[in-house]
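Asks: Could you look at this predicted model? Sequence included:
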Amino acid sequence: MPTPDIRLWMAEIKEQPGASAVGMLLAHQGIVRATSRSGEPVRGLLVRVNRQRLAQVTEEANGWPGVYAVRAWVNEGQLAVGDEIMQVLVAGDIRDNVFSALQRLVALIKNEVVSETELR
(Lines give C-alpha, C1' and ligand atoms only; values in the text may rest on other atoms or scores of the structure.)
Protein backbone atom coordinates (compact mmCIF):
# COMPACT_ATOMS: atom_id res chain seq x y z
CA MET A 1 0.00 0.00 0.00
CA PRO A 2 1.62 3.28 -1.05
CA THR A 3 2.36 5.91 1.57
CA PRO A 4 -0.13 8.78 1.36
CA ASP A 5 1.01 12.37 0.99
CA ILE A 6 0.05 14.28 4.15
CA ARG A 7 0.14 17.54 2.20
CA LEU A 8 -2.65 16.22 -0.04
CA TRP A 9 -4.68 15.25 3.02
CA MET A 10 -4.21 18.79 4.35
CA ALA A 11 -5.27 20.33 1.05
CA GLU A 12 -8.38 18.11 0.93
CA ILE A 13 -9.40 19.12 4.45
CA LYS A 14 -8.86 22.82 3.75
CA GLU A 15 -11.23 22.61 0.77
CA GLN A 16 -14.11 20.94 2.63
CA PRO A 17 -17.19 22.99 3.53
CA GLY A 18 -16.78 24.38 7.03
CA ALA A 19 -12.98 24.27 6.93
CA SER A 20 -12.88 27.85 8.20
CA ALA A 21 -13.42 26.35 11.68
CA VAL A 22 -10.01 24.65 11.50
CA GLY A 23 -7.33 26.43 13.48
CA MET A 24 -4.74 23.68 13.47
CA LEU A 25 -3.58 20.66 11.49
CA LEU A 26 -1.30 18.28 13.36
CA ALA A 27 0.43 15.25 11.88
CA HIS A 28 2.23 12.20 13.23
CA GLN A 29 4.57 10.10 11.12
CA GLY A 30 5.82 6.96 12.82
CA ILE A 31 8.93 5.26 11.43
CA VAL A 32 10.84 2.11 12.30
CA ARG A 33 13.86 2.97 14.41
CA ALA A 34 17.03 0.91 14.83
CA THR A 35 16.61 0.27 18.56
CA SER A 36 13.87 -1.04 20.81
CA ARG A 37 12.54 0.99 23.74
CA SER A 38 15.09 -0.82 25.92
CA GLY A 39 17.94 0.12 23.56
CA GLU A 40 18.45 -3.26 21.90
CA PRO A 41 19.24 -3.34 18.17
CA VAL A 42 16.29 -3.90 15.82
CA ARG A 43 16.53 -4.62 12.09
CA GLY A 44 12.84 -4.06 11.44
CA LEU A 45 9.25 -4.72 12.42
CA LEU A 46 6.56 -7.14 11.38
CA VAL A 47 3.33 -5.12 11.45
CA ARG A 48 -0.20 -6.47 11.28
CA VAL A 49 -3.19 -4.14 11.00
CA ASN A 50 -6.85 -4.63 11.89
CA ARG A 51 -8.32 -2.46 9.10
CA GLN A 52 -11.85 -2.68 10.47
CA ARG A 53 -10.74 -1.38 13.88
CA LEU A 54 -8.70 1.36 12.17
CA ALA A 55 -11.86 2.56 10.42
CA GLN A 56 -13.75 2.45 13.72
CA VAL A 57 -11.21 4.47 15.72
CA THR A 58 -10.85 7.12 13.01
CA GLU A 59 -14.64 7.45 12.80
CA GLU A 60 -14.79 7.73 16.59
CA ALA A 61 -12.07 10.40 16.58
CA ASN A 62 -14.10 12.49 14.14
CA GLY A 63 -16.62 12.97 16.95
CA TRP A 64 -14.20 14.14 19.63
CA PRO A 65 -14.47 17.73 20.93
CA GLY A 66 -13.00 20.27 18.53
CA VAL A 67 -12.04 17.71 15.88
CA TYR A 68 -13.01 18.64 12.34
CA ALA A 69 -11.35 15.85 10.32
CA VAL A 70 -9.08 12.85 10.78
CA ARG A 71 -6.96 10.83 8.37
CA ALA A 72 -4.96 7.72 9.27
CA TRP A 73 -2.86 5.21 7.34
CA VAL A 74 -0.92 2.26 8.70
CA ASN A 75 1.68 0.26 6.79
CA GLU A 76 1.60 -3.52 7.01
CA GLY A 77 4.03 -6.36 6.56
CA GLN A 78 7.76 -6.66 7.15
CA LEU A 79 9.23 -3.18 7.52
CA ALA A 80 12.88 -2.18 7.64
CA VAL A 81 14.55 0.51 9.74
CA GLY A 82 13.53 3.87 8.29
CA ASP A 83 10.26 2.60 6.78
CA GLU A 84 7.07 4.43 7.66
CA ILE A 85 4.76 2.64 10.08
CA MET A 86 1.90 5.11 10.15
CA GLN A 87 0.68 8.57 9.28
CA VAL A 88 -2.05 10.30 11.25
CA LEU A 89 -3.50 13.76 10.68
CA VAL A 90 -5.95 15.59 12.91
CA ALA A 91 -7.59 18.88 11.96
CA GLY A 92 -9.42 20.81 14.63
CA ASP A 93 -10.36 24.07 16.19
CA ILE A 94 -7.79 24.85 18.90
CA ARG A 95 -4.40 23.55 19.99
CA ASP A 96 -5.60 21.85 23.18
CA ASN A 97 -8.22 19.80 21.35
CA VAL A 98 -5.97 18.88 18.43
CA PHE A 99 -2.93 17.88 20.51
CA SER A 100 -5.02 15.68 22.81
CA ALA A 101 -6.94 14.14 19.89
CA LEU A 102 -3.75 13.24 18.03
CA GLN A 103 -2.16 11.74 21.12
CA ARG A 104 -5.30 9.75 21.94
CA LEU A 105 -5.76 8.54 18.35
CA VAL A 106 -2.14 7.40 17.96
CA ALA A 107 -2.42 5.53 21.28
CA LEU A 108 -5.62 3.81 20.14
CA ILE A 109 -3.98 2.80 16.87
CA LYS A 110 -0.88 1.47 18.64
CA ASN A 111 -2.90 -0.38 21.31
CA GLU A 112 -5.99 -1.59 19.45
CA VAL A 113 -5.25 -1.59 15.71
CA VAL A 114 -1.63 -2.59 15.25
CA SER A 115 0.31 -5.68 16.27
CA GLU A 116 4.09 -5.24 16.04
CA THR A 117 6.86 -7.82 16.35
CA GLU A 118 10.43 -6.55 16.50
CA LEU A 119 12.83 -8.27 14.10
CA ARG A 120 16.31 -8.72 15.55
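Replies: Now that the structure is in, tell me what you want to look at. Worth saying up front: this structure is predicted, and the values here are computed from it rather than measured. Numbering: from 1, shown residues only.
Asks: For the chain, which residues score under the pLDDT cut-off?
Replies: Within the chain, the segments meeting pLDDT under 70 span 1.
Asks: Would you mind measuring from the most centrally placed residue in the chain to Gly39?
Replies: Centroid check for the chain by CA atoms, centre = their mean gives Val88 as the closest residue, at 2.6 Å. Look at Val88 and Gly39: by CB to CB, to the nearest Å, they are 26 Å apart. In short, each C-beta sits where N, CA and C put it, glycine included.
Asks: Ok, Ile31 next?
Replies: Taking CB to CB, one finds Ile31 at 17 Å from Gly39.
Asks: Looking at those two now, which is surrounded by more residues?
Replies: Legend: neighbour count by other CB atoms under 10 Å for Ile31 and Gly39, higher for Ile31 (12 against 7).
Asks: Correct me if wrong: the more buried one contacts Gln87.
Replies: No - between Ile31 and Gln87 there is no contact under CB atoms under 8 Å: 10.0 Å.
Asks: Work out for me the element Leu8 sits within.
Replies: Per DSSP states H and E, Leu8 falls inside helix 6-14.
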